[in-house]
Structures are given as C-alpha cells and as structure tokens.
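Q: Next come a sequence and a model predicted from it.
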Amino acid sequence: ADTIKVGILHSLSGTMAISETSLKDVALMTIDEINAKGGVLGKKLEPVVVDPASNWPLFAEKARGLIAQDKVSVVFGCWTSVSRKSVLPVFKELNSLLFYPVQYEGEELEKNVFYTGAAPNQQAIPAVEYLMSKEGGSAKRFVLLGTDYVYPRTTNKILRAFLKSKGVKESDIDEVYTPFGHSDYQTIVANIKKFAAGGKTAVISTINGDSNVPFYKELGNAGLKATDVPVVAFSVGEEELRGVDTKPLLGHLAAWNYFESVKNPVNSDFIKKWKAYAAAKKLPNANTVVTNDPMEATYVGIHMWAQAVEKAKSTDTDKVIAAMGGQTFKAPSGFTLTMDATNHHLHKPVFIGEIRPDGQFNVVWKTPGPVRANPWSPFIPGNEGKQKL
Amino acid sequence: MLQVEKINQYYGAAHTLRGVSMELEKGKCMALLGRNGVGKTTLLKCLMGVLPVSAGSVKLEGRDITRLPPHQRARAGIAYVPQGREIFARLTVEENLLMGLATHSGKKASTIKGEVYELFPVLKEMLHRRGGDLSGGQQQQLAIARALLAEPKLIILDEPTEGIQPSIIKDIGNVIRLLRQRGDMAILLCEQYFDFAHELADQFIVLSRGEVVASGQQASMNDPEVKRHLAV
Amino acid sequence: MSSMNDGRIALQGLDTTHGAILYLEEISVVFDGFRALNKLSLDISVGELRCIIGPNGAGKTTMMDVITGKTRPTSGTAFFGQTMDLSRMSEHEIAHAGIGRKFQRPTVFEQHTVFENLELAMKMDKRVRPTLFARLSSEQRGKIDEILKLIRLNGSEQRLAGLLSHGQKQWLEIGMLLMQEPQLILLDEPVAGMSDAETARTAELLNELRGKHSIMVVEHDMGFVAEIAQQGVVTVLHEGSVLAQGRMDEVQADDRVIEVYLGR
Amino acid sequence: MKKLLLLACLLFAGVARAAIDPAVLAPLAGDDPDARVAAIANIGALATDDATRLLTALQNGDVYATPEGKLYIVADDKATDAATGATGPLPEGLDGVMINNRLRGAIEEALSALKMFSPERSQRLAAAIELQKSATLSQAPLIEKALGKETDAEVRDLLRLVAATANLQSPDAAKRRGAVEALAGSSNASLRPTLQAMVSGDADPSVRIAATQTLQALDSRLARTEFIGNVFYGISLASVLLLAALGLAITFGLMGIINMAHGELLMIGAYTTYLCQLAFRRWAPDALDWYLAAALPAAFVVTAAVGIALERTVIRWLYGRPLETLLATWGISLILMQAVRTIFGAQNVEVANPSWMSGGVTVLGSLVLAYNRIVIIVFALLVVAGVWLILNKTRLGLFVRAVMQNRRMAGCVGVSSAKIDMMTFGLGSGIAGLGGVALSQLGNVGPDLGQGYIVDSFMVVVLGGVGQLAGTVIAALGLGEANKFLEPVAGAVLAKIAILIFIIIFIQKRPQGLFAMKGRSAE
Amino acid sequence: MNHPSLFSRRAWTGIVAATVLLAALPLLNLFFADGHPLHVPSYMVSLIGKFMCYALAALALDMVWGYAGILSLGHGVFFALGAYAHGMYLMRSIGREGVYQSDLPDFMVFLDWKAYPWYWSGTDSFWVALALVVLVPGVLAFVFGFFAFRSRIKGVYFSIITQAMTYAFMLLFFRNNTGFGGNNGFTDFKRILGFPISAPGTKATLYLVTLAVLVGALLLCRWIVKSKLGRVLQAVRDSESRLMFIGYNPLWFKLFVWTLSAVLCGIAGALYVPQVGIINPSEMSPANSIEMVIWAAVGGRGTLLGPVIGAFSVNGLKSWFTGAFPNLWLFALGLIFILVTRYLPRGLAGLVRKEQA
Ligand SMILES: Nc1ncnc2c1ncn2[C@@H]1O[C@H](COP(=O)(O)OP(=O)(O)OP(=O)(O)O)[C@@H](O)[C@H]1O
Ligand SMILES: Nc1ncnc2c1ncn2[C@@H]1O[C@H](COP(=O)(O)OP(=O)(O)OP(=O)(O)O)[C@@H](O)[C@H]1O
Ligand SMILES: NC(N)=O
Ligand SMILES: [Mg+2]
Ligand SMILES: [Mg+2]
C-alpha cells in the first residue's frame, strides 16, 4: 500500500466521549502534521477512526476490526483502564501495538503497549508529597475521595501505603467512594468539613468523569476554600475545567505531567497548532479549545511511534517495539521525554498546578526533570524487582 | 336533521355495513333494531365518527360531516351514549359530568344543570366518587346524563337501558319522551328491549347483516315481517 | 401461600351435607366508609337456581366479587359447602373449587380465538406442567364443538374474540362458563344487550341447566327473571342487604320493592 | 512569632504612612517562599490602607513584578507602583506575582486581622469568623482590644468565643477553665481536638471536668446540627429528583409514554440556560446575574417546542402502543444527544451560578445551607404547585386527564384529543426544561446530562404511583431523605444499593406505588 | 396473529438455510487461507459469534415480554451473571500465568486476599461453572419472580424493579471488595478446558456450540409457545385476572417462563464471555438491558424469529456504523428505531410476514 494505516480508538459517544473526543482530534492533527512533513517512510499516514462508544466489549471488537480488517500498523486509543484491559488480549493475540495516553494505576506491563501517560509515581506520589510539605500546606490528614473503580481504588491503595510509610496514622486517612455519575456531594462535602476539623486536611480526588462538576460546585457552595482544605485531583485538567465555573475553585490543585500554561516554545507551538486546527476543522467551541495532559501524551506518542518506524524502517510490530526503546522527543511540557526500553513508559516531569480563575493552572511545583515510571508501585508488597518487561 | 346515505364500512375484509341509508328529523325518535352482531353499534360509531366509512355520506343539518373527526361532530351537536358506557373511570362523577359540557364555553361550561340530578338522584349522592367505582347501572346513568348535559341536536343512544333497574328505565323513557316533545332534538335509539323502543320511537329501521332490511313508522313495528328479522 | 391445590381438578370432597352449597353470613364490604354490602346473609341450596334483583348499586356485583375472591369482605364469612372458607382462598383456588362466573361486562380473552377461549376455560388440570404437555383429546374437541354450537359461534371459532359484538361476547362467556363445568354458576346480568329472542334462548338454556348446577343469576330484565325463577326464590337486595325474598309474584307485589326498584 | 510581631504592630502602630517601604516589598517578587510569607506579615503589620489595598490586589492576582523586582498593582491597564503609589502606564516585561495556597492563607490571615478594626460591620464579622478557626494565645490581647471596641452584639458574641478559643492555651488554669466554660455554647467543631486533649491531659482537674462538659455540649450540638444538615440535604436531593422527574410524571405518568428521551429534554433545558448565559455575557454583561430569569421561560419554551415537534412527528402514532414508545423515544434520545454533541461538542459547557446563588447561609454555627440549593427547593415547590393547579384546577387539566383515560370517548364529548395530546406532551417537556435549568445550577451541562437522571426519574414516578402527582412528590422526598440518612452510615455506593433494594421491597408491599389507585377504577 | 405463522414452511426453509450458512462460516475461515475468495475473516466469525449470543438473549427476553407481557428492564443482570459464572472458571484456568503469577486471579492478589472467597469454591471445575451458569440466574430469577409475582406486581412497576435490581447488581459488582474484579471484571483469559482460547479451532468450536444452543433454544421456545401453556401465557399478558377466574394460578406460569428466560439469558452470557474476552459490570447497566428490549422490539416482539433478527440487525448496523460513520452513526441508528416503530409496528418480522401474505 502507499499509505500506512493507523487506528484511532477513542469513544466519540457515550459517557467517555467527554474526555476522549479531543484525543481523537489531537491524533488527527498530529497525523496531519506528520503527513505535511512527508509522512513516514515516505508514505502518508492514513487514520482510521472508529467509535467504541464507551462500551468495553465494543472496544475489543473494534480493536480486532482495526487490526484484522483494516490492517492498521498501530492503534492510538483508550482512556479508562477497563477499556485498555479489554483490548489487551486482542493486541497480544494479533501482536499489534497500542499507545495508551492516559495516567493510570500501573500494575501492568505489556510488550504490545506503550504507556505515554503517568504511572502513579509520576503523578500521585509527588502530589501527596507536595501537600505534606510546608509549601503545600503541611497537610496531616487526608481524605482519599474517588469514583468506585479500579484506578482510584489502586491509586488510593498505593497512597495509603505511602502515607503510612510517612507516619500518617490510619485514623487520619479517610477513604470515600462514589458510584460513577454520582451527582450529589452534599453529604460528602459535609463530612470532609467535619473530618477537617481534626487538623490540617487535604483531599486527594480521583473522581472521574461527570461527577467532578457537581463535586466542585458543592465545594464552592459549602465555602471550603483551598486555603482551608486543598483538593488535589488526578483526573481534572484544562478540558474538564471548561465545564466548571472556576472562580470558587481558586487554589485547588491538580497534578499532571503537562499543563497548557507551561511556558516554552514547543508548547506555544503545540497550542497554536491545536487552536488553528480546531478553527480549521470547525470543531465545536473552537474558540475556547484548550490542551491538556492526555492530549500532549497522545501527541508525543504518535511522534515517537513515527520516529521509531523511521528508525526500524518498517512498521513491523516487533521491529517497531525494538526501535521504540530509548526514543526521545522534545515535548510540549518543555522537557525531552525518553521512552524506557525496559518498561515501555515515558520518563516524564511532574507538575503541580493550582486552579486559576480562568480555568488554567498555575504551576506551583515541578520536578527538576523527567522521572522514570514505576508501573509496579514499590509501596505494594511483592512488587519489588518487577519493573521490567 | 340527519341524513345518512349509502354508507359502507369494513373491518378489514369483513363488510359490516352495506349501503345503509336513513333519515331522521328534528323532534323525532328513531329506533334502530336488529339481532346481536348485525352492525348496529358499528353504524352508530360511523355516525359519531369513531369509525371511518369507506363510502357514502353523513349529513347533519345539511352539512356534510362524513370526514369530520368525532370531536368536531360533537361540537356540531351530536352526543353519544356508547355501548359499554365508557365513562372516565378515574374522574369523579362530577368531573365526568363536566366533560359532558366540553363543547360549551364560559359559565355554561361549569354549571351542571340540576335536572340531571332529578333524573338520576344517585349521581348527586356520588358526586365525588370515581366514575369507575360506580355499579354498572350507575355508570350507565352517568353516561346518559353526560350526553344530555351537552344539549345536543342529535343524541345517539346505544342500548341505554342495559343494566339499569326497571324504575329508572321508566324514567329514562319519560325523558326521551319529553325531549321528543320539546322538539328541538333528534334521537337515535338503538335498543334490544323491544317494548321500550316501540313505546318511544316515531319510526324505526331494522338491520340485518349490515343491511337495512325493514323500516317504517312506529305503527308497523309490530308487523310479523319486522319481527322475523329480530327472531333468532 | 396456599399453593398446594393450585390448578388441580376440582376437589371431589365438596361437603354439601346440609343441603346448601353457598353460605354468606353477615358479610359487609366497606369502601372508604361506604357500605356496599351491609351484613348480608344468604344461602343457596344444591341445585337451586336463585335470582337476585335489586336497584343499581344495591351490591349485587359486589356480592359476586366476594364469592369469587375478587373483593375481600370487611367482615362476615362466606363458605362454599360446609368447609371451604372463601374469604381465605384466592381467585383461582375458588374457581378451581367449582365456582364459575360471568361478569357484568363481557370479559373474554380478546387476543385469543373463540376456540382458544373455550379451550382455556375447559375443565382440566390447570397447573404448569400438565398445561405444557396438554393435547386435546377427541372427546375434549367434541365438547368444545358442542358448546360452540350451543352458543352459536360455530363457524366463528377461529375469529379473535375481541372482534365479536357485545352480544356475541356475552354468549362466548357463557360458553366458557359451561366448559368449566362449575358446581356453582354466578351470572351477572347474562342477557344485558341481548335481543329478545336471544334472551329467550338464554332462559331456555338456564332452565336446562337447572338442577345440574347451582346457579345464581342477577338480572334487571323482569320478563327473563320471571321466566327462569318459576316457583323458586327471588332475593331482592337493597343498600347492601336483603330487602325481600320470596316467589317472583310475591316480590313483585311487595311495596318496598316497587318503591325502590320496579317503580310505579 | 511573626504573628505576634504583626499584632503588636497593629496595636501600637501610629498613623498610616503614605507608601510602603520597598525593602519590605522586595521578597514578594523573589522566590524564597519563607521570605515571601514573612513579607506579607510585614505588610499586614503596616496596617495602612495601602497595605490593605496591596494585599487585596495580591489576593486577586492583580500584582505584577518587573524583571528587576519592582511591584505594580495593575487595574484597567494602569499600573500603580506598590512602593510609591504612583500610577502610570504598564511598564515593560511585567509578570504576575505568583501566589499559592500558603501565601493566600497568609494574606487572608493578615487581612482578617486588619479587618477586625474595620469600620464595616460585615468586614469585622468576617474577620471574627475567620479568626475562630485559628485564634491562638498570642492573639488574645488583640482580640480583647477588639472586643472592647466592638459595638455590634453579634460580632461581640463571636469575638468572645474567639477570645475564649485563644485562651484555651493559657498557662493560667483559671483562665483556661473560664475559656472552656465560655465555649460551652460554641458549635465550632475544630475545638474538639483541643478539648479532647484537655479532657484527658489537662493538669488541672477542674479544667478537665469543665472540658468534659463543654465537649459533651459541643458534641450534642454537633449531632443536632448534623441531623438537621441531613434533613436539609435530603430535602435538597428530593427537590432535584422531583424537578428531574416532574416532566416525566406528566409524559409517562399521565400519558403513558415510556419517554426515554426525557433525560434529553432536561439536557436541552440546561443547554438553553447555557445559551442564555452566553447571550447575557455578550449583550448584557451588567445584568448577567439575572440570566436565569430569562433562562426559565426560554427553557420552557424551547423544550416544549421540541416536545411538541416530537409529539407531532413520532409519538402521536404510538398512542395505544405504550411499549413501542420506548423504542421510538430511545431513538429520539440517541439523536438528540448526538445532535448536541455535534453542535456544542462532547465536553461539558460552563454554567455558572449567578453571584446571588453562590455561597450559602451559615446556620447553627457550622451548617452551611447553600443558596443555590435553597433556591432550587423553593423553585421545585413552585413548579409542583403550578403543575398541580394546571392539572386539577383548570379545564385544560380536566381534559388532559380525560383524554389520557379514554381518548376515544373524550373525542366523542367534543375534546380534540390531538390538541390535548400535543399540549400535554408540550407541558411535560417544558417542565422537563425547567428541571434542566435547575440541574444546570448543580451539576454538569453536557450531552450526557440526561442519562444520569433518567433511571432515577423513572424510579421516582413509579414509586409514587404512576399518574399520581402527590405520589411523585412524596417518593422524591422519601428517596432523598433515605439516601441522605443512609449515606453517612453506609457510604454513597452501599447507600445507593440499599435504596434500590428498598424500592424493590417497597413495591412488593405496594404493587401500585405509594399512592395506589384503589377500587374498581384501578382496573 | 396469535400463532406465529413465522414457522411456516418458508420460515422453516429460512431457518435451515440460515443455520447451514452460519455453520459454514467458521469452517470457511479455517479451511481457506486469507486471500482465498471463500475465506471468511476471523473478525467476521467472532462478530457473528457475539451476535448469536445477543440473539439468544433477545429470544429469552421475548419469551417473557412478547408472550407473557412481562417487560423486563433488567435482563442484563441474568446475562452478566451467566457470564460471570463461566468467567470464574475461565479466570481460574489462567493459573499462574497472570501478572502476579499467583494461583489467585490478579485482582485478588491485589486486594491482598490469600485465598478464594467461599463463593468461588468449586469454580475451578468446568462442570460446576456450567451448573452455576444455569443456577445463579435461575435461582435469582425464581426468588425475585416469586416475590414479585406473588405480590401481583405488574406492568411498569415490575419493569422498574427489574431495572432497580440490575442497577443494584451493577453497583455491587463495581465494588472491588465484592470479589469479582470490580470495574475491570474478568478478562485476559488463556484457555478453556485446556484449549488455548484464542486458537482458531477453539474459536470455531465455541462458535458452533453457540449456534447449536441458539437453534436449540429457538426450537424449545417454539414448542412451548405452541403448547397450551403458550396460550395461557398470552392470556396472562392480555387479562391476568380473567385467567384466575377460570382456575389458573398465573403466579406459576409467570414464574416458569420468567425463570426459563433468565436461564437462557445466563447461557447466552456464558457463551459470550469466552468469545468476547471480557465481562464487567457495565453489562448490568440499565442501558444495556434496555438495549436488549430494543433488539426484541426492532425484530418484532411476540414472534420468535423477530428478536433473533432484531439482535442481528441492530448489532450488525451498530458494528458497521461505528466503524464507517463514527460521528454520525447515532443519528442513523436513532432514525432507524423511530422509523421501525412508526412504519413497522410488528418489527422486522412483520415485514417478512407482510411479504408472505
Ligand atoms: N373491530 C372489529 N373488527 C372486526 N370485526 C368487528 C369489529 N367490531 C365488530 N366486529 C364485527 O362486526 C359485526 C357487527 O358488530 P356490532 O358491534 O356493530 O354489532 P351490534 O349490532 O351492535 O351487536 P350487539 O347487539 O351484540 O351489540 C359483528 O359481527 C362483529 O363481530
Ligand atoms: N371500589 C369502590 N369504591 C367505592 N364505591 C364502590 C366501589 N365498588 C363499588 N362501589 C359502590 O358500591 C355499590 C354497590 O355496587 P355494585 O356494583 O355491587 O352494585 P350492583 O348491585 O351490582 O348494581 P348494578 O345493578 O348497577 O350493577 C355502588 O353504589 C357502588 O358505587
Ligand atoms: N486510567 C484511568 N484514568 O482510568
Ligand atoms: Mg352493539
Ligand atoms: Mg352489578
């Protein structure tokens, strides 16, 4: 063929469309960008977009379709961990490649997957360390608040172990879960307030999806300010804040490996391209589009893959996997990211940002440089020595 | 007042009404007779517009109403007491009666005339009971009262005496007689109770298998020829 | 859950040693403060044909509701034979014990054919498994044909019952009742909406059934009542209890009955 | 220590100076966090109007620094030199002075100390409330002084509690006991750890006894507050459920349409609110706070129009086939969702509470009743009353009920059932639109908004008894309260499961819902 | 009208032809290499395998909805429980090949569980799992149905409590501590009865077994519907109270068909897991159960072939549209639903019958 097909597997409808739609658009933009520069191996990339509709078995079906029917060389996709778990067997069976761009809970390493989002030590742990620091408010008590599914549960398990290792007592940790789509946070916010009466408290939120808006609105209503009880979120970025009135949220935090507000030439360029793309393609609300971490991770992932294909001079899965190890890319985060050959995760910088009234983040803390991922958290017993494929 | 010309009706492939024609004048009462299942109810439904006719025409006071939907026929002055009562089960008796006034407007639409209570005292007692809770005969009385309240030009009664106690049947007979005497209303009475029909009707038609097989003035109702069509 | 005798063939052991098949004693039914039945007592002997008349709203249908288990009495007792307490049995148990009923408004299975209506009503083991494996014997088929003729719906047996006219449905329901072969038959206005000729036929039919079943008939058609009551007892209900009782001619002459029911 | 310094300065500071010493300001532009916090304390200690202005500006993110470290307060494209007070055009290379939570906390503290002597009562009140959280012994003299000057009774009561809070740390046992006793009427939960420590560890036995009593009083007051809080949360959740379900109570309860697109009608109401907000932002920014007044009628009209269009094109063919409506309205729901996704994007859009609806009123010392919740409760009551009046007190309502019970007969008495159907569905849809306006004030506004409410709405309507408005209200209230009393005990997930099981069991007892239709008419 | 003329001679020919055709697909896939004109891609085979499971579920639903008039909005729970029951076996046969190389499934290791909880006991045996596939949905349906039908819960009230049931189960299974893998559910199976699960032969076998079960279920349902019991069921649908007055106890009839339906649905789920490779609680979401109802409605309820056709067409269209028109498919699908209700009141099956007439 005179093109190289690449699959894009993001939900465009259903509950996850809220987050995944823009990843599809960024992927298309990146592919355009690569094609404009002549493509890969002299061939144009041809995106194949499908809609798995937030339905996990459909993810598996669509993955199989992309690989077996459309014969794509690589797939960029998935957001939730369960969707990733559902397509994994397919990628293994058909020996194909998946690039997964979202922060996740770790406890996984697959030869056929490259993880361009953060592992827990690249997001959760630094964030909690910051909260415990003097600068972060010297939190002594913690509310671990999440949506009831595997990513929050796992992350909180790791954090609990971590906090314990830092001498935090069990009674100073409160773990609370809500069902998906939970929309009434009155009781929970009241309880946080009560808990916070016992000493300097921080909330670590792994609330995902639609529940964030009602949660933050309730926080605002209850008058819980960031100076009293800061909330740090791991699944709330610029895109999610587009749907919230951020004025009452001033100072609440998020931890990511990229913020739109970081200032460097690569990022300015990235943002400019994205805005231009949104305007050109007449995306809905094109004038207010924002970038965020998973979008950056998608962008980086596609570029790295293209580089690896060039290096391998082939789209053959095994050759590309071999060539991926050690690939570097100058990312919008301002750092040069490296793909770890041994664990297929990126070395990434960590930023902690406070919400600004305009829905962007003020970076208040960052790591000096990229951090290697520990997909197998050392805080979980039995994980020692498991950091390699 | 009412002119029906050669109407035909089909239930799917079954030809239920075959060229039925009839004419009824103001102040007159016509009895519609026939055995079970010959198409009496079907004819009345066609007149009310509940069922469409496939051919023929229906005129009220010279106006062609063949294609009008039921609610417009009601506004044109037809009131209907259907077989099986069809009262509004979950409305109170009072509300059911108010529904009889649906074609009126203004103050008239909200005043239930006391006459109906005189005729059917039980309704007054049960004003706030739900229609569906009434006994069968009470429901039938309610259905008649509802139709009378509309003050129609033409009233269609499908077996109005069904399930009603003898004394009230007599009262209903008196009312029909009174209405007839008043002379501003035409009455189409479908009735199995022959004596009752005989007493009240000015004229009659007999249906058999969807066809008019006999018709005439009250006097000829007792002819053996007519009776033959009613026997089994 | 007294499911032990669900759907079984009618209990053979209906105890009618005292000559009566149905006893109602001091039955009261109260709806939101309104007394539809007021300490009603009544009994029916084996093989009797009893006519019940009374003004609209007297409580006739409500009484049948009590007998068939549709309405639970507020107080009082209802016995079928000497031993079966109807107030403790559910509708299907009562039906199965041998009480069949025709409703005031014809109720048939409108989506089933005439034939199927009769087949469903037929006396047989009505539990799940026997029903699943049931096949019509030629005898049963003959029985259905016989009833079809009787109710003059032969030729219409494959029509959907919902498409029948009002009077035809009345007949079908009577046919279903006969298929059930109940010991006690309750008829709520069986000739309402029937032509005079049909009424006469119904009267004939009832006179044939007389003696084979115990029958209770509610009607407002005095001619019909006179026809079937013959010399038997006619009961007049009024405001939920018995107003008068006696032979038809006695009752018709009763002033109170004329006052509240027959009219002058 | 720093605080002490600050307070001392405040107490003894003379007349305010005209400007701020650049040396005090300098660390603010730097990046030594401790120095910056100290700088804020020092500025606060100046207790001048300039200091207040600078701190407020800092809090609002209006302070910028030049590369050389000179600070400017920027407002309306004008820069005011923080050191001199001179105003001029924006200098080159200004960069915002970054503040984080720690700094923000320091600023708040400094400002609240300043505000204690403000001529504005509301400022003093706010300061007193703020100080309740953090009063320390070192602040005691200052508080006493403020107390002495205070003229307002409410602020004085509060300040007494603040003083007592501060005195809890006093080395003097008598003072401690006095403080503990004074706090017997407080509802401040953050006193608990201190009191608890005193109960077990205070050197003086009489203080221990007093502390025990105060702690008990506090705990019982907190328990009562919590109870009342739960009641309120329950009512508030109920009002949300009710608003979500009310439209459905009409389209489903009354008309029998299994309206799977009901959620999308809510969503359309919410998006209409969003558009109204946009329109106000664009054309009437001064009246932005009142955009809801326009959103309510707009949402009603828009959703009613959508509803009527649906009724005319699809639903009217389905009367008498209620189960089929499920299929058709499911299709409608897919289309509406995707349409909104295509027009507005898959992401949520922002709908902000008007300022008069943000925040809340504090009752019983610590219970915050959010204004938006209160407004929505009242709104729900109004909508219910309106619907009730329409259905039960107007001729239209009578016709609606009659048509829904017996469409054919209604036609025969002269009611145009087609018209009534259309109006009823339009009314139900319009009410859903109003519900959407309310929901937009509490949660997301996104294409999936409706999906989150559809199941709950059906449960509420069915639990109450189909076609029973009063049932719907009671069911919503019951579910709301049950949820809010279970949640603190069982957690949100198990509470939700328990509620569902409760519904299943409840229906066993009342197979026709809460307000079952009784008697023959029910058949 | 009442008697599905579906199983007319023509319908029979159609069924036989479809069965043969469907049976041929995996064989064509196995015996002809990729590129051969007769080759059927394995993607296609696994897709149709999945559709057959859906078809079985739709058929099961139609037995209660179409015939007995009981609208269940919670059949997803039976489907999922069957799938989970089988999934437990499949999880255990992963053995030590999980990421933690433990005898326990990874998610249990992760929860620090040291042993299987009691409700997993015996599930290492295929036969026990098979029994559970039937028993778990069956017993749940029986108990639930018994109480509901005994209380005479009908119509929407019944529908809503079935929805509440599936919703409650979904939330329950989402919890990690419930012991079924939480949100991730079960996935990454390795083998079934010792055969590697992704081997073409295994897949073909699973496919053929599914086909056989589907055809068998269809015949069983036809037999039931044609029996007198079938007529009683329809009488339950049309006038339950009348039925009581002629001596039937609707409780047991409803319970029979309800439980049967749940069991069929559970079997569908059990066949679904190994072919699709994942089962997780979102199968129990209310929306999934509603989709099952949609399949039956589109196909034509109250007919047996209708739901089967409906499941194939709705899912086929969905698969095709989501790939071909990722941005527009919901419009198309939604429109189809509306048009079917408007113009084909008897569903697609009605279309077939109209042509026959
Ligand atoms: N909806 C229908 N579809 C098909 N046939 C019908 C339908 N309704 C009635 N019929 C048939 O049409 C014929 C006439 O019925 P109709 O109800 O008009 O009779 P009728 O004269 O009113 O009888 P009755 O005295 O018993 O009320 C009957 O044979 C009946 O079976
Ligand atoms: N569910 C109920 N709620 C309130 N009143 C009721 C209810 N059921 C029956 N009634 C009343 O009880 C009385 C007796 O009704 P019933 O149907 O038994 O009368 P009936 O003797 O059969 O009359 P008819 O001859 O008119 O059929 C009536 O006044 C009726 O309105
Ligand atoms: N991996 C996540 N965020 O689900
Ligand atoms: Mg008739
Ligand atoms: Mg009666």
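A: That came through, no problem. Numbering: from 1, shown residues only, chains lettered A, B, ... in the order given. Ligands and ions are numbered 1, 2, ... in the order given.

Q: Let me see the contact set for residue 34.
A: All of this is about chain A. By CB atoms under 8 Å, 6 or more residues apart in numbering or on different chains, the residues touching residue A:34 are A:40, A:45, A:302-303, A:306. Any C-beta I mention is one placed from the backbone N, CA and C, and that applies to glycine too.

Q: Oops, wrong one, chain E.
A: Counting by CB under 8 Å, 6+ apart, residue E:34 has contacts residue E:41.

Q: Output the below-cut-off pLDDT ranges for chain B.
A: Within chain B, the segments meeting pLDDT under 70 span B:232.

Q: run the last query once more with 80
A: Scanning chain B for pLDDT under 80 picks out the ranges B:231-232.

Q: By neighbours, which of the contacts of residue A:34 wins?
A: The most crowded member of the contacts of residue A:34, judged by other CB atoms under 10 Å in any protein chain shown, is residue A:302 (28 neighbours).

Q: how much space between the closest residue to chain D within the stretch 201-350 of chain A and residue A:212?
A: Closest to chain D within the stretch 201-350 of chain A is residue A:243: 2.6 Å, counting by CB to the nearest CB. Separation of residue A:243 from residue A:212 (CB to CB, to the nearest Å) stands at 8 Å.

Q: Ok, residue B:140 next?
A: 63 Å.

Q: The two: who's more crowded?
A: When neighbours are counted by other CB under 10 Å, residue B:140 and residue A:212 differ, and residue B:140 comes out ahead with 26 against 23.

Q: right, and that one touches residue B:160 too?
A: Yes - assessed by CB atoms under 8 Å, residue B:140 is found in contact with residue B:160 at 6.9 Å.

Q: how many neighbours does residue 80 have?
A: The chain I'm using is chain A. Around residue A:80 there are 25 residues (other CB under 10 Å).

Q: Switch to chain E, please.
A: Neighbours of residue E:80 (other CB under 10 Å): 32.

Q: Around ligand 1, which positions in chain B sit nearby?
A: Taking CB under 6 Å from any ligand atom as the contact definition, chain B meets ligand 1 at B:11, B:14, B:16, B:34, B:36-42, B:83.

Q: Surely residue D:362 is within a helix?
A: No - read with DSSP: H, G, I helix; E, B strand; the rest coil, residue D:362 is strand and lies in no helix.

Q: residues in contact with it?
A: D:368-369.

Q: Report the helix or strand with the lowest average pLDDT across the chain.
A: I'll assume chain A. Of all helical and strand segments in chain A, the minimum by mean pLDDT, DSSP states H and E falls on helix A:212-222, at a mean of 88.

Q: actually chain C
A: Result, chain C / mean pLDDT, DSSP H and E: helix C:196-209, a mean of 89.

Q: in chain D, which segments are predicted with low confidence?
A: Checking chain D against pLDDT under 80 turns up D:1-20, D:47, D:113, D:130, D:133-136, D:138-139, D:320, D:365-366, D:516-523.

Q: In it, mark out all the strands, start to finish.
A: Remark: strands assigned in chain D by DSSP state E are D:63-65, D:71-75, D:78-81, D:87-88, D:95-96, D:360-363, D:367-370.

Q: for these, which one sits closest to ligand 4?
A: strand D:367-370 (63.5 Å; CB to the ion).

Q: Low-confidence bits of chain A, can you list those?
A: Low-confidence segments of chain A (pLDDT under 80): A:1, A:382-389.

Q: count of neighbours near the residue of chain B found nearest ligand 5?
A: Distances between chain B and ligand 5 by CB to the ion are smallest at residue B:136, namely 4.3 Å. A total of 23 residues lie near residue B:136 under the criterion other CB under 10 Å.

Q: Just to check, it is in contact with residue C:62?
A: No - using CB under 8 Å as the test, residue B:136 is too far from residue C:62 to be in contact (11.1 Å).

Q: Return the residues in contact with residue B:92.
A: B:127-131.

Q: closest to ligand 3 among the residues you listed?
A: residue B:130 (54.9 Å; CB to the nearest ligand atom).

Q: quick one: contacts of stretch D:120-130?
A: In contact with stretch D:120-130 (CB under 8 Å, 6+ apart) are residues D:108-109, D:112-118, D:146, D:150, D:152, D:154-155, D:158-159, D:162.

Q: What are the buried residues along it?
A: D:123-128, D:130 (16 or more other CB atoms under 10 Å in any protein chain shown).

Q: and the stretch 151-264 of chain C, which residues reach ligand 5?
A: Not one residue of the stretch 151-264 of chain C sits near ligand 5, judged by CB under 5 Å from the ion.

Q: Do you have the strands of the stretch 151-300 of chain A handy? List them.
A: For the stretch 151-300 of chain A, strands defined by DSSP state E, counting those that start in this stretch occupy the ranges A:173-178, A:201-206, A:231-233, A:253-256.

Q: so what's the residue nearest the centre of chain D up against?
A: In chain D, the residue lying closest to the centroid (CA atoms, centre = their mean) is residue D:370, at 4.4 Å. By CB under 8 Å, 6+ apart, the contact set of residue D:370 is A:218, A:221-222, D:359-360.

Q: same question, residue A:62
A: A:9, A:50-52, E:322-323.

Q: Contacting ligand 5 as well, which ones from those?
A: Counting by CB under 5 Å from the ion, no member of those is near ligand 5.

Q: Among the residues you listed, which are located in helices?
A: Within these, residues falling in helices by DSSP state H are E:322-323.

Q: Reformat the contacts of residue A:62 into TSV and put distance to residue C:240 and neighbour count next to each item.
A: Shown next, in TSV, are those (distance: CB to CB, whole Å; neighbours: other CB atoms under 10 Å in any protein chain shown):
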residue	distance to residue C:240	neighbour count
A:9	74	28
A:50	72	28
A:51	68	30
A:52	68	30
E:322	67	25
E:323	71	20
